[in-house]
Structures are given as structure tokens and as C-alpha cells.
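Peer 1: just coords:
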């Protein structure tokens, strides 16, 4: 059902084309019925307008520019991302499916010159990592809850004092896609909704890949009270699609959003970046007239020379970081051995993790164990370079998330690469 709802814009377009064709052939009744279907089908796509968009913007204050992009396993072109950040003068940036290697490439491309502050350490595996980059210091780092912690992506949140605006809370959002029956997806959206409604009066920004559009009832419930900045886009209250990008057909669903409360959007547009299947979003917001934040913000942004480097996370509170390795002097891998299992399709690599790795992976939420999982993977591929494939990596990650207590983690190179989520759905045996 969620996947069918995501296709609603496509179905509305098909109905519209059929309505035009029937009108041309002078079948008035059929055309009228189809036009009615277009109107009814479009209603769930219309973005609601809450206080921020309805209230007049305060044009005398600073404008805050927010950029959000799903990097698709950190494969996006770092130079292109840096170009967007600098050309748009982005001051708060949310990057999803991000790892530390991408942050390093982004720094080398000049994308962090004006964004010296960041949320905590990123995991080294899969699509789990999410990061907030900022022109100003971040405090009160936390994680937004999102469904089953064993399967959830990182969703960091922080408070930032914006010059001319005041204190603003920002959260990165990345829910799991609505695969199967969508139970985990719905749970994640419910928790996001509960979290945003529990926050105080401070202006709020939630940006990222919600894996849901306005056509989804669960999304509308989760985001009630938040204004989608896309309402000031070129199509008004009908959102422009953001996914998929970089394929032979155009994007057909809007699953990437920048939502606000206590702020008014004044500009919204999409950007295209090579290497990712998502369009990026740029939104500019200002305080609602007469409702400037009460917190005192610094008069000017700190200069980069006075700021921590993008890789210096020593100023990040423990709540936003991964813990250090539990036993840095001990190997993560006890043993790994190739065995023949012709009855199942071919060779199997039987991996036995160290007890401290298993203990680290039992910590909830799961991102606190990803440092141990990264150590395990590094030792494994150093021993058997032929195991360094995406499918094997996903199988190892799957065992770390859901089968940590198995005596050995059996990885098969002949299994197809179907992505991490599908591997988990197949109980590590796609």
C-alpha cells in the first residue's frame, strides 16, 4: 500500500492524459469522470499550510539557508556537493547516507570552509550515517527516535544560535523505506511525529529523506503542525518530485523534505548532484513576523580560523558521538575460514567475531556498535581480500544488527547484492 501511494502522482498524470484524450474525442461524460478522478486524486498531494507559511515573513531579519541531500551510500560527487554549498551559501546542511570518507572528500573540495561545526562521528558501514554541518556551534546533540533501533538510520538533532534569528533546533531525518508491509516504516514515522510534537516553542527544522510523500497518511500525521518549505516552490502547494534522479525517466515522488515550525519559507528549489538517486533541496527561511526567537544569538558567525576542523569532534558532547573502541588493543576477528557448502550454492566464509565486538553490537541504538563492526570488516578483508564485495559487506552488517549471537556468521560470495535493507528482510540470506 505505501508503494502504491507513492505512485499517486503518476496515476493522477495518467488520468489527466486520459481526460484530455476523451475530451478531444468528444466523450464529455467520460472526460468529466476522469477530471473528477484527477481532482480527487490530487487532494492528498496538496501540502497543508500551517502558521509559518500563512504568517507574513519578517523581511528585516537574516535569512537562513538550509541544504539537504541523500548521498546514496556516499557515492555523490563531493565536488558537486561542495559547489552547491558554496554557490547557495548554505549555513545548515543535512547529509544522509554519509560516511567519514565522504566528509573528508567534501573538505578537500572546499565544501566545509564555511561549515566548521558538525554533529558526531559517523559509522563506517552501510547507509546508516547522517550528519548536520553548521556555520555556527551546535549544542544539545541528540538522536531522534525512529522505529526499531536495530534497523534505524542515524537521525541527529542539535540546537544552533543563528545570528539575527536566535536559537533554532534542527533534526536530520532518514526513515527506512516502506518495504514489505511497511510496519517498521510506519513505526519510524510515528516516533518522528511524537518527537516533533514533544519539542518546545523553539523554531524547528526537520530536513532529510522521509521515504514518504504527502500522499502517505502516515507522513501527514507525523508532520502535522510543520510547514513544508516546498509550498513556496514553483508549483505552490503541489510538491515537485525528488526521487529517483539520474535514471532514464524523471522523478515521480517527493520523499525529500525540509519542514519548519516557527519559521517562514521564502524560497525553495531542487538541485541535481551526480552520483546520487535523490535531488537535493535548498530552502531559505526567516522568522515569522513578530515571533523572533527570544534566545540571544551571536552578532556574527565565527570565523573558520577560530572554529574546530571538520574532523575534530572533540567539542561534540558524548550524546552525539560514537563511543571509543571497547578494546582497541584486541583483534575484532577471532577466526575466518572458507568452507565448501555445495548443497547451498557454493563457498561460505565462516566468520567468528571477538566477544567484545558482540558486546558492542548489543548496545542500543545500534550505531554505537558500528565502530566495532567496522574494525571487524577491516580485519576480514585484510585476511581475505576476495571477500571485499558489497554483498558480503551487507551480509556481515546484517549479522551484526540481527544475528549477533550466532556462533559463526556465514557469508556467501555467490549471494546477490540486493541492498542492505533487502538483505535484512531476507534474514541475511538474499
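Peer 2: Cool, the structure landed. As the structure is a computational prediction, the values presented were derived from the model and not from experiment.
Peer 1: C-alpha only now, for contacts and for neighbours.
Peer 2: OK.
Peer 1: Bridged to residue 169, which residues?
Peer 2: residue 159, residue 204 (DSSP bridges).
Peer 1: Quick one: residues contacting the spatially most central residue of the chain.
Peer 2: For the chain, residue 174 is the residue whose C-alpha lies nearest the centre (C-alpha atoms, centre = their mean; 3.3 Å). By C-alpha atoms under 8 Å, 6 or more residues apart in numbering, the residues touching residue 174 are 96, 130, 153-155, 208-211.
Peer 1: And it, its phi and psi?
Peer 2: phi -150, psi 100 (degrees, to the nearest 10).
Peer 1: Just the residues contacting stretch 416-429, thanks.
Peer 2: 126, 390-391, 394-395, 397-399, 402, 415, 430.
Peer 1: Number of residues surrounding residue 274?
Peer 2: Per other C-alpha atoms under 10 Å, the neighbour tally for residue 274 reads 17.
Peer 1: Quick check: it is in a strand.
Peer 2: No: read with DSSP: H, G, I helix; E, B strand; the rest coil, residue 274 is coil and lies in no strand.
Peer 1: Numbering from 645 from now on, please.
Peer 2: Fine by me, first position is 645 from now on; the one you just mentioned is residue 918.
Peer 1: Would you agree it is in contact with residue 723?
Peer 2: No: Residue 918 is not in contact with residue 723 according to C-alpha atoms under 8 Å; the separation is 9.7 Å.
Peer 1: Confirm for me that residue 983 is in contact with residue 993.
Peer 2: Yes: counting by C-alpha under 8 Å, residue 983 does reach residue 993; the two are 6.4 Å apart.
Peer 1: For the chain, which residues score under the pLDDT cut-off?
Peer 2: Counting by pLDDT under 70, the ranges of the chain that qualify are 645-705, 769-770, 791-795, 824-825, 881, 933-973, 986-989, 1007-1015.
Peer 1: Can you give me the end-to-end span of stretch 1063-1074?
Peer 2: With C-alpha to C-alpha, to the nearest Å as the measure, the first residue of stretch 1063-1074 is 9 Å from its last.
Peer 1: starting at the chain centroid, how far to that stretch?
Peer 2: 20 Å (C-alpha atoms, centre = their mean, to the nearest Å).
Peer 1: List the buried residues for it?
Peer 2: Neighbour counts over stretch 1063-1074 (16 or more other C-alpha atoms under 10 Å) mark 1063-1068, 1072, 1074 as buried.
Peer 1: who has more neighbours, residue 983 and residue 993?
Peer 2: More crowded of residue 983 and residue 993, by other C-alpha under 10 Å: residue 993, with 21 against 12.
Peer 1: ok, now how distant is that one from residue 902?
Peer 2: Distance from residue 993 to residue 902, by C-alpha to C-alpha: 43 Å.
Peer 1: again with residue 1004
Peer 2: Taking C-alpha to C-alpha, one finds residue 1004 at 34 Å from residue 902.
Peer 1: between the two, which one's more packed in?
Peer 2: The residue with more neighbours, out of residue 1004 and residue 902, is residue 902; 28 against 23, by other C-alpha under 10 Å.
Peer 1: and that one, helix, strand or coil?
Peer 2: Secondary structure of residue 902, per three-state DSSP, is strand.
Peer 1: and what of the one 10 residues further on?
Peer 2: When states are read from three-state DSSP, the local structure at residue 912 comes out as strand.
Peer 1: The residue nearest to it when sequence neighbours are not counted: what secondary structure?
Peer 2: Take residue 912 and drop its neighbours on the chain: the residue closest to it by C-alpha to C-alpha, 6 or more residues apart in numbering is residue 927, 4.5 Å away. What three-state DSSP gives for residue 927 is strand.
Peer 1: Now do the helices in this structure.
Peer 2: Secondary structure of the chain (DSSP state H): helices at 646-650, 652-668, 672-686, 695-698, 722-732, 744-752, 827-842, 861-866, 999-1005, 1014-1027, 1034-1046, 1064-1069.
Peer 1: Count the residues that sit near residue 724.
Peer 2: 17.
Peer 1: Please report how far the nearest residue to it once chain neighbours are set aside lies from residue 758.
Peer 2: Using C-alpha to C-alpha, 6+ apart and skipping the chain neighbours, the partner closest in space to residue 724 is residue 917 (6.1 Å). Distance, residue 917 to residue 758, using C-alpha to C-alpha: 20 Å.
Peer 1: Could you do residue 785 as well?
Peer 2: 20 Å.
Peer 1: now do residue 821
Peer 2: 33 Å.
Peer 1: These two - which one has more neighbours?
Peer 2: residue 758 (21 against 18).
Peer 1: Assess the claim that the more buried one and residue 779 are in contact.
Peer 2: Yes: here residue 758 reaches residue 779: they are 5.9 Å apart, a contact under C-alpha under 8 Å.
Peer 1: intersection of neighbour lists for these two?
Peer 2: residue 735.
Peer 1: hang on, the earlier thing: can you add distance to residue 869 and give the contacts of stretch 1060-1073 back as CSV?
Peer 2: Listed next are those as CSV, based on distance: C-alpha to C-alpha, whole Å:
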residue, distance to residue 869
770, 32
1034, 40
1035, 41
1038, 37
1039, 40
1041, 37
1042, 36
1043, 39
1046, 35
1059, 45
1074, 40
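Peer 1: Check the residues you listed for burial and list the buried ones.
Peer 2: By 16+ other C-alpha under 10 Å, the contacts of stretch 1060-1073 give 770, 1034-1035, 1038-1039, 1041-1043, 1046, 1059, 1074 as buried.
Peer 1: and the residue nearest to residue 912, bridged to which residues?
Peer 2: residue 710, residue 912.
Peer 1: Kindly report the same for residue 778.
Peer 2: Under the criterion used (DSSP bridges), residue 778 bridges to residue 736, residue 761.
Peer 1: ok, how many other residues are close to it?
Peer 2: For residue 778, using other C-alpha under 10 Å, the count is 22.
Peer 1: That one contacts residue 759, correct?
Peer 2: Yes: counting by C-alpha under 8 Å, residue 778 does reach residue 759; the two are 4.9 Å apart.
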